[in-house]
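Undergrad: Any chance you can model this:
(one chain, ligands or ions: 1)
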Amino acid sequence: MTRLTVPISAENLDHAGRQIRAAAAAGAEMLELRTDYVENLTVEMVRALVAKVRTLAGPEMPTIVTCRDGRQGGARPYPTKLRMQVLAAALTAGAEFIDCEYENFRSVENQEKIRVALSQSSRGRLILSAHSFAGRFPDIRKLHRDIQAVCPSAIPKLVYTANHINDCFEALDLLHQTSGERIAFCMGEAGLMTRILAAKLGSFVTFASIDQASATAPGQLTIEQLSGLYRYASIGPATSLYGVIADPVGHSLSPAIHNACFESLGINSLYLPLLVGGGYTEFYLFMRAAALRKYLRFGGFSVTIPHKQNALGYVAREKGIVEPLASKIGAVNTLVLRKEDRLEAYNTDYAGALDAITAGMGIRRENLKALVVAVIGAGGVARAIVAGLSDAGARITIYNRTREKARKLASEFGCEFGGLGDLPQMDAELLINCTSVGMYPNTDETPAPDNCIRKGMTVFDTVYNPAETLLLKQAKHAGARTIDGVSMFVNQALAQFRLFTGWQADPELMRAAVCRSLAADQKG
Ligand code: NAP
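TA: Modelled structure (predicted):
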């Protein structure tokens with residue numbers, strides 16, 4: 001069982017008391033006293049800290065005591081002599097684990113002190129740790145073996161910065177290919193999946209902070225994110241994986257939506273944010289690495305900026321199956337890895353938009369034939385929607401700031417086109433905004449003047465943050481019917497969820513997850 005461990009990074013005893021209470025209340029399964037954060041550290045202070053854990057978190061709460069070397073990420077540059085005394089005192093005070101840097105443990109003097117302290121403790125255990133802040137270790141397997149050789153009863157802890165998500169697979173492989181008590185994960189935003197997947201691969205611990213302010217390493221998740229959003233307690237070896245491939249990925253709404261649906265339907269799956277930096281090569285390497293590692297059980301991916309075209313290229317190279325309209329659009333946003341190694345690619349953006357339109361207008365897909373539509377924008381989303389609508393037989397005019405782009409898109413799909421200045425002359429039953437105009441934080445902007453919105457028409461804004469844009473307010477005021485971008489987002493996610501799992505998710509649950517995430521994003 002992987003213990004959810006919360007570092008206590010306090011400067012003094014009072015502060016530590018508050019952090020210990022908060023960690024225990026949030027569901028910490030183990031605490032790590034990072035004594036290198038304590039001001040004017042003494043051996044007495046360490047004893048008092050261990051005693052405080054017993055009083056505030058209960059006698060059952062296991063505790064690691066660490067006094068990290070400044071050269072390996074320690075907060076204050078305490079001398080080695082004091083740091084060894086601190087670890088020895090922690091064991092005498094009853095701490096279950098002490099964490100010593102493998103590098104320092106190799107010194108005969110330090111090793112002697114630690115071994116004596118351990119021999120005098122009835123239950124104390126040693127964690128031997130190695131950190132590489134610059135990037136991957138030269139040979140992580142050898143390092144793991146070396147640590148085991150020098151002290152077979154110690155728990156090896158190997159931590160390095162992932163400079164790219166593709167660096168994570170080494171840590172995951174180490175966990176998969178070794179057994180017993182061991183810890184391996186990556187620091188940094190690109191290393192995030194290793195912190196979550198620690199539970200799937202049986203790492204001895206994974207670390208999470210009480211809040212962002214008390215994090216002790218780059219990329220550390222909060223305990224709320226790990227146990228709430230990522231349903232840490234339900235992750236196990238059989239958990240199948242999905243995720244959104246994007247750069248940036250931090251503000252993606254997809255993990256909140258898909259994980260909420262897995263939870264409500266009782267499906268043993270987990271949806272991850274996957275920060276894939278770079279271009280086609282990095283995307284290709286990530287996909288190969290994820291698909292080849294069957295033990296990870298990746299079942300599918302949402303794909304967004306900047307990889308929608310890369311995904312199409314990858315599927316072609318792997319001889320996968322691409323939904324015909326997605327080929328015509330030239331971009332896919334959904335990849336599914338079927339059990340028989342079959343790779344499938346879809347574009348649920350256009351399907352989500354069409355579903356939002358038909359539901360919002362109270363019509364069926366076949367009623368889209370001959371519908372008069374004005375599309376503002378000629379970027380990726382416009383392209384997907386124009387492809388879907390033209391396939392359904394709608395009569396479309398594309399208006400764009402850069403007129404030439406509108407012309408090009410229109411000529412591909414047999415549409416009319418114009419510049420934004422032509423909008424007041426348009427006479428459409430359905431107006432769709434496919435630009436980013438009006439998106440948070442520029443919520444007082446609109447892509448269309450009031451005089452082109454009439455009573456009786458339908459206005460669909462693909463912008464989903466905020467859900468009610470200025471354009472939709474104008475439309476309501478003019479007596480037009482409105483469709484918001486959240487409907488499209490939810491519909492494309494529903495379609496993805498169906499492709500991934502074969503299950504129909506609850507649209508209301510998805511919508512609530514989107515609105516919660518948007519509200520949290522705007523607050524934080
Ligand atoms: P994109 O490929 O970058 O295209 C952006 C479009 O917006 C272009 O047509 C661009 O015109 C136009 N534009 C940008 N700034 C403008 C301005 N200040 N005034 C006038 N036009 C402007 O982006 P995309 O991927 O198509 O995404 C567009 C929007 O769709 C996003 O911002 C997002 O809000 C929304 N979206 C919604 C969903 C959903 O599920 N609801 C999903 C994805 C995206 P030029 O050609 O002249 O540059």
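
Undergrad: How far does stretch 24-31 sit from its chain's centre?
TA: Chain-centre distance of stretch 24-31: 22 Å, with CA atoms, centre = their mean, to the nearest Å.

Undergrad: What residues of that stretch count as buried?
TA: By 16 or more other CB atoms under 10 Å, the buried positions in stretch 24-31 come out as 24, 26-31. Quick note: C-beta positions are derived from backbone N, CA and C, even for glycine.

Undergrad: ditto for stretch 422-429
TA: For stretch 422-429, burial by neighbour count (16+ other CB under 10 Å) applies to 422-423, 426, 428-429.

Undergrad: sorry, back to before: take the buried residues of stretch 24-31 and keep only those in strands.
TA: The strands, defined by DSSP state E, take in 30-31 from those.

Undergrad: Next, count neighbours for the closest residue to the ligand within the stretch 151-300 of the chain.
TA: Residue nearest to the ligand within the stretch 151-300 of the chain: residue 253 (9.2 Å; CB to the nearest ligand atom). Number of residues near residue 253 (other CB atoms under 10 Å) recorded here: 22.

Undergrad: if we can go back for a sec, same list (the buried residues of stretch 24-31) but as TSV, adding pLDDT and distance to the ligand.
TA: Below are those laid out as TSV (pLDDT from 0 to 100; distance: CB to the nearest ligand atom, whole Å):
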residue	pLDDT	distance to the ligand
24	97	40
26	95	33
27	94	34
28	96	37
29	97	38
30	98	40
31	98	42
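
Undergrad: closest to residue 63 among the buried residues of stretch 24-31?
TA: residue 31 (5.1 Å; CB to CB).

Undergrad: Might you enumerate the residues of this structure proximal to the ligand?
TA: 377-382, 400-402, 405, 434-437, 439, 447, 462-464, 485, 488-489, 492 (CB under 6 Å from any ligand atom).

Undergrad: Only whichever of those are buried, select them in ChimeraX.
TA: A single ChimeraX command selects the buried members of the residues of the chain next to the ligand (16+ other CB under 10 Å):
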select :377,378,380,381,382,400,405,434,435,437,439,447,462,463,464,485,488,489,492
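
Undergrad: From the residues of the chain next to the ligand, which land in helices?
TA: Members of the residues of the chain next to the ligand lying in helices (criterion: DSSP state H): 380-382, 405, 485, 488-489, 492.

Undergrad: Identify the residues contacting residue 79.
TA: Taking CB atoms under 8 Å, 6 or more residues apart in numbering, we find residue 79 in contact with no residue.

Undergrad: Would you state the strands of the stretch 251-400 of the chain in chain order?
TA: Under the criterion DSSP state E, counting those that start in this stretch, the stretch 251-400 of the chain contains strands at 269-275, 298-303, 321-322, 334-337, 343-346, 372-376, 395-400.

Undergrad: Rebuild the ones you listed as CSV, extending it with mean pLDDT.
TA: Below are the strands of the stretch 251-400 of the chain laid out as CSV (pLDDT from 0 to 100):
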stretch, mean pLDDT
strand 269-275, 98
strand 298-303, 98
strand 321-322, 97
strand 334-337, 98
strand 343-346, 98
strand 372-376, 98
strand 395-400, 98
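
Undergrad: Looking at these, which is nearest to residue 176?
TA: strand 298-303 (13.7 Å).

Undergrad: Mind listing the strands the closest one pairs with, and their directions?
TA: According to DSSP bridges, strand 298-303 forms sheet pairs with strand 240-246 (parallel), strand 334-337 (antiparallel).

Undergrad: Contacts made by the longest one with the rest, please.
TA: Outside strand 240-246, the residues within contact range by CB under 8 Å, 6+ apart are 193, 197, 200, 252, 254-255, 258, 268-276, 283, 286, 296-307, 311, 500.

Undergrad: quick revisit: now flag whichever of the buried residues of stretch 422-429 is closest to the ligand.
TA: The ligand has its nearest neighbour among the buried residues of stretch 422-429 in residue 423, at 10.9 Å by CB to the nearest ligand atom.

Undergrad: Using the three-state scheme, assign that closest one.
TA: Per DSSP: H, G, I helix; E, B strand; the rest coil, the local secondary structure of residue 423 is helix.

Undergrad: Ignoring the adjacent residues along the chain, who's closest to it?
TA: residue 452 (4.8 Å; CB to CB, 6 or more residues apart in numbering).

Undergrad: where's residue 123, which helix or strand?
TA: When elements are defined using DSSP states H and E, residue 123 is found to belong to no helix and no strand.

Undergrad: Identify the spatial nearest neighbour of residue 253, chain neighbours not counted.
TA: residue 517 (4.8 Å).

Undergrad: typo on my end, residue 277
TA: Nearest non-adjacent residue to residue 277 (CB to CB, 6+ apart): residue 247, at 5.1 Å.

Undergrad: Next, that neighbour: phi, psi?
TA: phi -150, psi 110 (degrees, to the nearest 10).

Undergrad: show me the contacts for it.
TA: By CB under 8 Å, 6+ apart, the neighbours of residue 247 are 275-278, 305-307.

Undergrad: Quick one: low-confidence residue ranges for this protein.
TA: Counting by pLDDT under 70, the ranges of the chain that qualify are 524.

Undergrad: Break it down into its domains, please.
TA: 3-236, 243-346+491-523, 361-483 (automatic domain parsing).

Undergrad: quick one: terminal-to-terminal distance for the longest one?
TA: Across its full length, domain 3-236 reaches 13 Å end to end, with CA to CA, to the nearest Å as the criterion.

Undergrad: Tell me the buried residues in stretch 309-318?
TA: Across stretch 309-318, burial judged by 16+ other CB under 10 Å covers 309-312, 314-315, 318.

Undergrad: re the thing from before, any chance of the strands of the stretch 251-400 of the chain in JSON lines with distance to residue 64 as columns?
TA: Shown next, in JSON lines, are the strands of the stretch 251-400 of the chain (distance: least, CB to CB, whole Å):
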{"stretch": "strand 269-275", "distance to residue 64": "26"}
{"stretch": "strand 298-303", "distance to residue 64": "32"}
{"stretch": "strand 321-322", "distance to residue 64": "49"}
{"stretch": "strand 334-337", "distance to residue 64": "38"}
{"stretch": "strand 343-346", "distance to residue 64": "43"}
{"stretch": "strand 372-376", "distance to residue 64": "57"}
{"stretch": "strand 395-400", "distance to residue 64": "58"}
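
Undergrad: Please verify my assumption that residue 174 contacts residue 186.
TA: No. With contact defined as CB atoms under 8 Å, residue 174 does not count as touching residue 186 (11.0 Å).

Undergrad: Pick out whichever of these two has more residues nearby.
TA: Per other CB under 10 Å, whichever of residue 174 and residue 186 has more neighbours is residue 186, with 29 against 22.

Undergrad: Who are the packing partners of the stretch of helix or strand residue 168 belongs to?
TA: Residue 168 is part of helix 168-177, with elements assigned from DSSP H and E. Secondary-structure packing of helix 168-177 (3 or more CB pairs under 8 Å, 6 or more residues apart in numbering; DSSP states H and E): helix 140-150, strand 155-161, strand 183-187, helix 192-197.

Undergrad: Count the neighbours of the residue nearest to residue 253 for me.
TA: Neighbours of residue 517 (other CB under 10 Å): 20.

Undergrad: got it, and residue 238?
TA: Residues near residue 238, counting by other CB under 10 Å, number 9.

Undergrad: How about the one 10 residues further on?
TA: Residue 248 has 12 neighbouring residues, counting by other CB under 10 Å.

Undergrad: so it sits right up against residue 273, yeah?
TA: No. Contact criterion CB under 8 Å: residue 248 and residue 273 do not qualify, at 9.5 Å.

Undergrad: who's in contact with stretch 184-192?
TA: If you take CB under 8 Å, 6+ apart as the criterion, stretch 184-192 is touched by 133, 140, 144, 157-165, 167-168, 171-172, 174-175, 194-195, 198, 203, 206-207, 217-221, 250, 272-273, 275, 277.

Undergrad: Could you turn the buried ones of those residues into a PyMOL selection?
TA: The PyMOL selection below is limited to those of the contacts of stretch 184-192 classed as buried (16+ other CB under 10 Å):
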select buried, resi 140+144+157+158+159+160+161+162+164+165+167+168+171+172+174+175+194+195+198+203+206+207+217+219+220+221+272+273+275+277
